[in-house]
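Novice: Could you work out the structure for the sequence below:
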Amino acid sequence: MCRPAIGYRDASAAFCLFTNRPAGRFACYGVVMDRRALVLAAARELALARGVIPSLNETAAAAGVSKGGLVHHFPTRAALVQGLAMAALEEVDTAMTAAAGEGSAAETWLRMSVPTGEDVAVFRAMAIAHRAVEAPGDAVATASQEAIARWEAMIRDEVGDAGRARVIRLVGDGLFANVIAGIEPAPTAAELDALLGSLLPAGGRGGR
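Specialist: Take a look at the predicted model:
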């Protein structure tokens with residue numbers, strides 16, 4: 001499952017500023033991003049603004065790169081969708097690995113499973129693309145399966161029970177899917193805290 005991490009702003013553009021919009025340049029604390037990351041950040045901005053994954057021409061123009069420079073990394077729209085999905089997986093993987101080291105993998109997983117604001121728009125656009133002809137295919141599916149198994153193992157190591165870890169992971173999946181599909185709104189902070197309290201013992205919530 002692809003989902004935003006806490007403070008998610010795309011794996012390759014985290015904490016970066018979209019600057020010099022006419023030229024489509026992206027900078028990250030004064031350091032110009034590499035072309036692949038720049039293209040992904042531009043595609044994400046366009047998906048956020050329009051609700052759909054942009055075309056290659058639109059993405060190249062927004063990123064300020066040539067069409068040839070873009071297709072070197074993403075030869076098709078399907079490849080661009082795959083790149084966005086893989087970036088999201090990498091973002092979650094980084095957050096979960098850090099959380100596991102701090103003993104808060106389960107809580108982090110559940111909190112990451114509640115997308116809000118612009119994250120919802122981007123992931124809905126990706127979901128639309130996944131159902132269309134530009135679906136990313138087996139590579140993303142395989143990477144997702146491997147990542148989910150890895151994250152569930154982190155939760156299992158923390159809570160000490162495989163069955164309980166599976167329940168926590170599936171609850172997170174359900175939260176995320178329901179919000180992205182528009183089935184129900186994201187839980188409030190109080191509702192999420194109550195859910196965490198019912199699923200996790202006090203000692204398993206980041207040491208709080």
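Novice: Tell me who's in contact with A139.
Specialist: By Cβ atoms under 8 Å, 6 or more residues apart in numbering, the residues touching A139 are Q82, M86. In short, each C-beta sits where N, CA and C put it, glycine included.
Novice: Could you chop this structure up by domain?
Specialist: The chain resolves into domains spanning 11-73, 77-204 when parsed by automatic domain parsing.
Novice: can you tell me which of these the model trusts least?
Specialist: The stretch with the lowest mean pLDDT among those is domain 11-73, at a mean of 70.
Novice: Do I have it right that L175 meets P185?
Specialist: No - contact criterion Cβ atoms under 8 Å: L175 and P185 do not qualify, at 11.0 Å.
Novice: Who has more neighbours out of the two?
Specialist: The residue with more neighbours, out of L175 and P185, is L175; 23 against 11, by other Cβ atoms under 10 Å.
Novice: name the element the more buried one belongs to?
Specialist: L175 belongs to helix 162-181 when assigned by DSSP states H and E.
Novice: Who are the packing partners of the very next helix or strand once past that helix?
Specialist: Downstream of helix 162-181, the first helix or strand assigned by DSSP H and E is helix 189-199. Contacting helix 189-199 under the criterion 3 or more Cβ pairs under 8 Å, 6 or more residues apart in numbering; DSSP states H and E are the following elements: helix 105-112, helix 162-181.
Novice: buried stuff in the helix or strand hosting A141?
Specialist: Under the criterion of DSSP H and E, A141 resides in helix 138-159. Under the neighbour-count criterion of 16 or more other Cβ atoms under 10 Å, helix 138-159 has V140, A143, S144, A147, W151, E152, M154, I155, R156, E158, V159 buried.
Novice: If anything else comes up later, I'll come back, but that's it for now.
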